[in-house]
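> okay, structure incoming, though there's no sequence with it:
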Ligand SMILES: *Cc1c(COP(=O)(O)O)cnc(C)c1O
């Protein structure tokens, strides 16, 4: 991606790729969108793809592949054991991260399952910059407790701080003193911290965290699923790294870590995942679980074609022209929304643009899920699908009570290399319209609530008939326009 100055003085992100395969999109009329939202139980996870115009739910498994990746998929070595494709992937990861061992797994949460099963015991404390939904679920399932040590600045929705994903090293020292290193199986750093708006940590912070861990004999684990954007931000925002290549930054970060795991649904523009391990003893413990839960050690539940695509995708991740597209589109969207007075998370992060639903809908209490309500409202007003990242995405406490989430965000993910700038501008326009009619938006209440990861397939109802009113206002303002 290049940021190009036009002769009019505007500066716009310019795609450094051309589109050679396209998928037709439909934009259903608002009457259908109203119906579809009701059919989906007001949960955007339950919408059918045919009812969606721009799918900004996630960046997971929906990034566009390159011609080079498709070509590589054709030469995949398809064998159950001893596939040459596996060796290629193992070598590529070794080249980038410098870790001697690689264990394949079918996606990110499968890595978390293996890591938690191997290292977490009842009573374990797992400090991290911030939790991710599936990570926390796997740690809790093994009887462990997640302790979030994000710097205070990280939870301020608007800020100029460049590394809101940093882990507070002072808090880490305190937690180690309080609980003892023996009860801490590892410290986890999440790159491109997902649930706080795709916010990065700095290389300097990772080094400081690793130094404290080394002094206490505690292993460091990097969740590298969203590493791509984090690398870009380190290069852009950390002055000491300005002259380093993306490859050098990657290696410098990896050198501080004992374990690196990732979802290749995000990192590598394909589908799959895996765990890179430094220590032989740790490898031996984790390795046993791969054939049991994932597949044989040379595929781990992945298709060999996807593995070939990951090898190429990892190289593309080291190309600044490629990896800057997401962050630059997100920056564009964030800047335009800020200019229109709309509450968004700043500074712009990776992964997507994040609307602050708590401020967008101050009249909707957290027990009525403002971020979920905003997701439903935006779909009705635009056919754009986002994802609730707030109280709905949290688990209830063991006693059944519901703690309000620290943030109520509507995430509008920017899958890599997928959207055009005019599509991004459409989304911005409809968000601005919605903000002008925010008083019409009401809350949601669960009608079906699963006990685990309820946001995936729970169903809700609007607390009043606000959705029909919103649709009436839309038709009054925009007529027959879609
Ligand atoms: C998506 C994600 C995961 C889980 O990966 P899946 O492939 O979806 O299972 C773990 N950690 C982070 C930070 C993620 O963004």
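Yep, that arrived. Note that the structure is predicted; figures quoted are calculated from it, not measured.
> all contacts plus neighbour counts: C-alpha atoms, from now on.
OK.
> spell out which parts of the stretch 251-400 of the chain neighbour the ligand.
Contact residues, the stretch 251-400 of the chain versus the ligand (CA under 6 Å from any ligand atom): 263, 265.
> tell me where the stretch 251-400 of the chain has strands.
259-263, 273-277, 352-356, 384-385, 387-389 (DSSP state E, counting those that start in this stretch).
> helices or strands up against the second one?
In other words, strand 273-277. strand 101-105, helix 108-119, strand 259-263 (3 or more CA pairs under 8 Å, 6 or more residues apart in numbering; DSSP states H and E).
> distance of residue 278 from the ligand?
For residue 278, the distance to the ligand equals 20 Å [CA to the nearest ligand atom, to the nearest Å].
> surely that residue touches residue 103?
No. The criterion here is CA atoms under 8 Å, and residue 278 misses it with residue 103 at 11.3 Å.
> stretch 422-442: which residues count as buried?
Buried positions in stretch 422-442, judged by neighbour count with 16 or more other CA atoms under 10 Å: 424, 427-435, 438, 440-442.
> okay, and for the protein, where does confidence drop off?
1, 480-481 (pLDDT under 70).
> show me it divided up by domain.
If you go by automatic domain parsing, the domain ranges for the chain are 2-59+322-478, 108-263.
> export the ones you listed to TSV and tack on distance to residue 93?
Formatted as TSV, those follow (distance: least, CA to CA, whole Å):
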stretch	distance to residue 93
domain 2-59+322-478	18
domain 108-263	10
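> hang on, the earlier thing: could I get the strands of the stretch 251-400 of the chain as TSV with mean neighbour count?
What follows is the strands of the stretch 251-400 of the chain, written out as TSV (neighbours: other CA atoms under 10 Å):
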stretch	mean neighbour count
strand 259-263	26
strand 273-277	27
strand 352-356	29
strand 384-385	27
strand 387-389	28
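> still on that earlier bit, of residue 278 and residue 103, who's got more company?
residue 103 (24 against 17; other CA atoms under 10 Å).
> and that one, what does it touch?
274, 275, 276, 277, 287, 290, 297, 300 (CA atoms under 8 Å, 6 or more residues apart in numbering).
> which one of those is nearest to the ligand?
Of all the contacts of residue 103, the ligand sits closest to residue 274, with 9.7 Å by CA to the nearest ligand atom.
> ok, that closest one touching residue 111?
Yes. Counting by CA under 8 Å, residue 274 does reach residue 111; the two are 6.1 Å apart.
> quickly list what's touching both of these two.
Between them, residue 274 and residue 111 share the contacting residues 105, 261, 262, judged by CA under 8 Å, 6+ apart.
> beta partners for the last one?
Spelled out, it's residue 262. Residue 262 has the following beta-bridge partners by DSSP bridges: residue 274.
> next one: it from residue 89, what distance?
Residue 262 is 13 Å from residue 89, where distance means CA to CA, to the nearest Å.
> for residue 289, same thing?
Distance from residue 289 to residue 89, by CA to CA: 20 Å.
> which residue of the two possesses the greater neighbour count?
residue 89 (22 against 19).
> strands of the stretch 1-150 of the chain, start to end?
2-5, 11-14, 54-55, 101-105, 125-128, 145-148.
> which residues sit against the fifth one?
For strand 125-128, contacts defined as CA under 8 Å, 6+ apart pick out 139, 144-150, 167, 172, 175, 179, 183-190.
> near the ligand, from those residues?
residue 190.
> which bits of the stretch 51-200 of the chain sit near the ligand?
Counting by CA under 6 Å from any ligand atom, the stretch 51-200 of the chain sits next to the ligand at 107, 108, 109, 132, 190, 194.
> contacts only, for the last one.
Residues touching residue 194, when contacts are defined by CA under 8 Å, 6+ apart, comprise 132, 226, 351.
> now the closest residue to the second one other than its chain neighbours. Its backbone dihedrals?
If I follow you right, that is residue 226. Of all residues not flanking residue 226 in the chain, residue 192 sits nearest, at 5.0 Å (CA to CA, 6 or more residues apart in numbering). Here is the backbone geometry of residue 192 (degrees, to the nearest 10): phi 50, psi 50.
> contacting residues around residue 192?
Applying CA under 8 Å, 6+ apart, we find residue 192 in contact with 165, 198-201, 226-230, 349-351.
> centre of the chain versus the one helix or strand residue 475 maps to, how much separation?
Assigned by DSSP states H and E, residue 475 falls within helix 466-478. Taking CA atoms, centre = their mean, to the nearest Å, one finds the center of helix 466-478 at 32 Å from the center of the full chain.
> pull out the buried positions in that helix.
For helix 466-478, by 16+ other CA under 10 Å, it's 466, 467, 470, 471, 473, 474, 475.
> what is that helix packed up against?
helix 30-39, helix 370-382.
> how big is the angle separating the shortest one from helix 466-478?
Here helix 30-39 points in a direction 160 degrees away from that of helix 466-478 (axes from the mean of the first three to the mean of the last three CA atoms, to 10 degrees).
> what sits against the closest residue to residue 128 other than its chain neighbours?
Distance criterion CA to CA, 6+ apart; nearest residue to residue 128, sequence neighbours excluded, is residue 188 at 4.6 Å. By CA under 8 Å, 6+ apart, the contact list for residue 188 reads 126, 127, 128, 129, 220, 221, 222, 223.
> can I get the residues you listed in TSV with neighbour count?
Output for these, formatted as TSV (neighbours: other CA under 10 Å):
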residue	neighbour count
126	23
127	24
128	24
129	26
220	22
221	24
222	24
223	23
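> nearest to the ligand among those?
Closest to the ligand, out of all of these and judged by CA to the nearest ligand atom, is residue 223, at 6.0 Å.
> how about the host helix or strand of residue 445: buried residues?
If you go by DSSP H and E, residue 445 is part of strand 444-448. Along strand 444-448, these residues count as buried under the neighbour rule (16+ other CA under 10 Å): 444, 445, 446.
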